[in-house]
Each structure stands twice: as C-alpha cells, then as structure tokens.
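1. next input, structure requested:
(one chain, ligands or ions: 1)
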Amino acid sequence: MNDLPSPDDGDLYDDDGKIAVPEEVAEAIRTLIRWSGDDPAREGLIDTPRRVARAWKEYCQGYTDDPAQHLARVFEEVGGYEDIVLLKDIPFQSHCEHHMAPIIGKAHIAYLPQDRVVGISKLARVLHAFARRLQVQERLTAEVADCIWQHLAPRGVAVVIDATHACMTARGVRTPGVTMTTSRMMGIFREDPRSRAEVLKLMGY
Ligand SMILES: [Zn+2]
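-> So this is what the prediction gives:
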C-alpha cells in the first residue's frame, strides 16, 4: 500500500488529461460495490470506480491546499476601519471522517481587524482548504478560526457553522432536516459578551 501516490506527490495524468487512477484504487471501489450487493462488471458500473476515485480526489483537494497561504497577502491601508468584517452564508461541502459521507452547510466567518485586513474571498478560501478534507464539524470550525487568529492577528475571530450530515440524514437515525451548529469565538468575541452578541446578531442569530 505504501506505493500509492500521496496527495502532494503530484498526480499522474491519463492521455485524456484526467488524473490517472491506480488499479488498486479502482479495485478497492469494485470491492465496495460487490460488498454492497451489486456486480461491478455490469455495464452501468464499468467506469464507476474511476469516476468515484477522481471524485474523491476533488472532495479532498484541501490536502494539497495550504490554508495559511490565502492569508499571506494583507492590506494595511484600511482607512481607520476598525469594526467587524463578516463573510456570511458561505456555502461549503465537506465529508465526515467517520462515514466519508457529505457534510453540507454554511459558514459565517467574522473578525475584528487590527491594522490589517485580507481580501474578503480569502476567508472562503481558508474555509474550503479545511473543508475539502475528511473532517468533523467541530474541528473544521476550530481550524478555520485558529488559522485566521494566527495569521491575521486580529482582535477577535468568530466562526459559526451550520451543516447537515448525510451520515445522520441518509443513514443511521435517518433524520432529514436536522442541522448541527458549531462555533468558535476568540479574542474579544470570547471575552466580551457585548461583542459576541453583536457578531452573532450580524450573522443572523
Ligand atoms: Zn459521519
């Protein structure tokens, strides 16, 4: 198993320009199809292992994306602005590390700048870099907040994530419509209840 390419090895490509799928990866997916009760050799499933393998490379693109790099370019000219910066309702998709099932949700990311800000799309990029991995929602929330806290050195960071977990809605207790909310407050949003209330209100809570 050790000769499987790791995500940062750089992928090999087929003649058609798509990521090459090692035979043992395709075989693993055939095994799963067989174990689920179907025949991986039937026509409709012939190309499925390669498609599934490539889809997983895409779901897990975050492993080749350094989240901190998105915060490397900061703007120090903020015209005296010293209030909350909030990026709200950012849709994202992740996969739970327990079932490899989809986690689909929205994130709200806020910070209170201290001398410097980042381009607003960068906050979403940090989110996706962590989300496109095998995750648990609690860790995803903490990782996004910690990354902004560390690399932007703001006065406060608030991250709130609402998501539905397919491992709960499509299997197990099969409870559609249930969402899970997690939050991480740092700096002033943790210490000062009024600042926390303000940011939560801006986020729509
Ligand atoms: Zn799960």
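2. hmm, the helix ranked longest in the chain in reach of the ion?
-> If you go by DSSP state H, the chain has its longest helix at helix 137-152. No - contact between helix 137-152 and the ion is absent, the nearest approach being 9.6 Å (criterion: Cβ under 5 Å from the ion). (Glycine included, C-beta is placed from N, CA and C.)
3. what's in contact with that helix?
-> Residues outside helix 137-152 that contact it (Cβ atoms under 8 Å, 6 or more residues apart in numbering) are 67-68, 71-72, 74, 94, 96, 103, 105, 107, 109, 111, 113, 116, 118, 123, 126-127, 130-131, 154, 157-161, 163, 165, 180, 182-187.
4. pLDDT on it, on average?
-> Helix 137-152 carries an average pLDDT of 98.
5. buried ones in it?
-> By 16 or more other Cβ atoms under 10 Å, the buried positions in helix 137-152 come out as 137, 140-149, 151-152.
6. swap in stretch 78-91?
-> Buried residues in stretch 78-91 (16+ other Cβ under 10 Å): 84-87, 90.
7. returning to what we had before: buried ones among the contacts of helix 137-152?
-> 67, 71, 74, 94, 96, 103, 105, 107, 109, 111, 113, 118, 123, 126-127, 130-131, 154, 157-161, 163, 165, 182-187.
8. the ion contacts on the protein?
-> Residues of the chain lying near the ion (Cβ under 5 Å from the ion): 96, 98-99, 167.
9. from those residues, which two are the most distant?
-> Spatial extent of those (Cβ to Cβ) is set by the pair H98 and C167 at 6.5 Å.
10. ramachandran angles for the spatially most central residue of the chain?
-> Centroid-nearest residue in the chain: A131, 0.9 Å away (criterion: Cα atoms, centre = their mean). As for A131, its main-chain torsions (degrees, to the nearest 10) stand at phi -70, psi -30.
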